[in-house]
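K.L.:
the following block contains a protein sequence and its predicted model.
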Amino acid sequence: AQSVTQPDIHITVSEGASLELRCNYSYGATPYLFWYVQSPGQGLQLLLKYFSGDTLVQGIKGFEAEFKRSQSSFNLRKPSVHWSDAAEYFCAVGPYGAAGNKLTFGGGTRVLVKP
Amino acid sequence: GAGVSQSPSNKVTEKGKDVELRCDPISGHTALYWYRQSLGQGLEFLIYFQGNSAPDKSGLPSDRFSAERTGGSVSTLTIQRTQQEDSAVYLCASSLEGGNTEAFFGQGTRLTVV
């Protein structure tokens, strides 16, 4: 069965500093990988996705993620964090090419941005 | 509509009562999903609709939970005889089709069972 692990429950970062959120997955086939962000009281917004091609993918809001098959990882990065990036971030994996985009989510990482 | 709409946004109900949660997907989206977000359990898949049929309902936690979708559009998630452990945020998502297309999420319904 597929699983997603986000080892960091909370991360505190200063505004303007870089951010990296870790994600490790276990999946028996070619994975379809996502990062979502959830602001307080809001639904999930897709930041970026990967299923093939260049292993470094660019997303919205200045985020990028790198797929490393050998490490089963899909870490999210941002070079310079803004106060508005304070939110909860979820990594997810889904079946590539299969009907029904049923996603398995990690437990989430809550990001706090210090002024 | 412009986005996935869920109603109500908040629902407080007494233990043992039935509740209905509504999801109005983005117009033209054939795939619809229900997820549950609760403390300690994270985000869990409940059910997936393609059109009006549900090829995957493997995530429904018990037979108290059911869902339907009519006209390939609006979906209703029904929880019968609610229990306190049903308290959670119920999220709905839709996508243009199943498979590798982006799922757009609604803002969720926060259900509190007292």
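P.N.:
Great, that's in hand. All values reported here derive from a predicted model rather than from experimental measurement. Numbering: from 1, shown residues only, chains lettered A, B, ... in the order given.
K.L.:
pull up the gap between the residue nearest the centre of chain B and chain A, please.
P.N.:
For chain B, the residue nearest the mean C-alpha position is residue B:34 (3.4 Å; CA atoms, centre = their mean). Counting by CB to the nearest CB, to the nearest Å, the gap from residue B:34 to chain A is 11 Å. Every C-beta, even on glycine, is put in place using the N, C-alpha and C of the backbone.
K.L.:
C-alpha coordinates for the helix or strand containing that residue, PDB please?
P.N.:
Assessed by DSSP states H and E, residue B:34 sits inside strand B:31-38. Output in PDB follows, covering the C-alpha atoms of strand B:31-38 (Å, rounded to 0.1, in the frame of the first residue of the first chain):
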ATOM      1  CA  ALA B  31     -14.700  13.300 -11.200                       C
ATOM      2  CA  LEU B  32     -15.600  14.100  -7.600                       C
ATOM      3  CA  TYR B  33     -13.900  13.100  -4.400                       C
ATOM      4  CA  TRP B  34     -14.700  13.200  -0.700                       C
ATOM      5  CA  TYR B  35     -11.900  13.400   1.800                       C
ATOM      6  CA  ARG B  36     -11.900  13.700   5.600                       C
ATOM      7  CA  GLN B  37      -9.400  15.700   7.600                       C
ATOM      8  CA  SER B  38      -9.300  15.000  11.300                       C
END
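K.L.:
what residues of that strand count as buried?
P.N.:
B:31-37 (16 or more other CB atoms under 10 Å in any protein chain shown).
K.L.:
quick check: bridge partners of the nearest residue to residue A:11 once chain neighbours are set aside?
P.N.:
Excluding the flanking residues, the one nearest residue A:11 by CB to CB, 6 or more residues apart in numbering or on different chains is residue A:111, at 5.3 Å. As for beta bridges, residue A:111 partners with residue A:11, residue A:87 under DSSP bridges.
K.L.:
equivalent analysis for residue A:92, please.
P.N.:
Beta bridges link residue A:92 to residue A:34, residue A:105, judged by DSSP bridges.
K.L.:
tell me the pLDDT at it?
P.N.:
If you check residue A:92, the pLDDT there is 93.
K.L.:
for the buried residues of strand B:31-38, could you give me a markdown table that also reports distance to residue B:13?
P.N.:
Converted to a markdown table, the buried residues of strand B:31-38 look like this (distance: CB to CB, whole Å):
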| residue | distance to residue B:13 |
| --- | --- |
| B:31 | 29 |
| B:32 | 23 |
| B:33 | 23 |
| B:34 | 18 |
| B:35 | 20 |
| B:36 | 15 |
| B:37 | 18 |
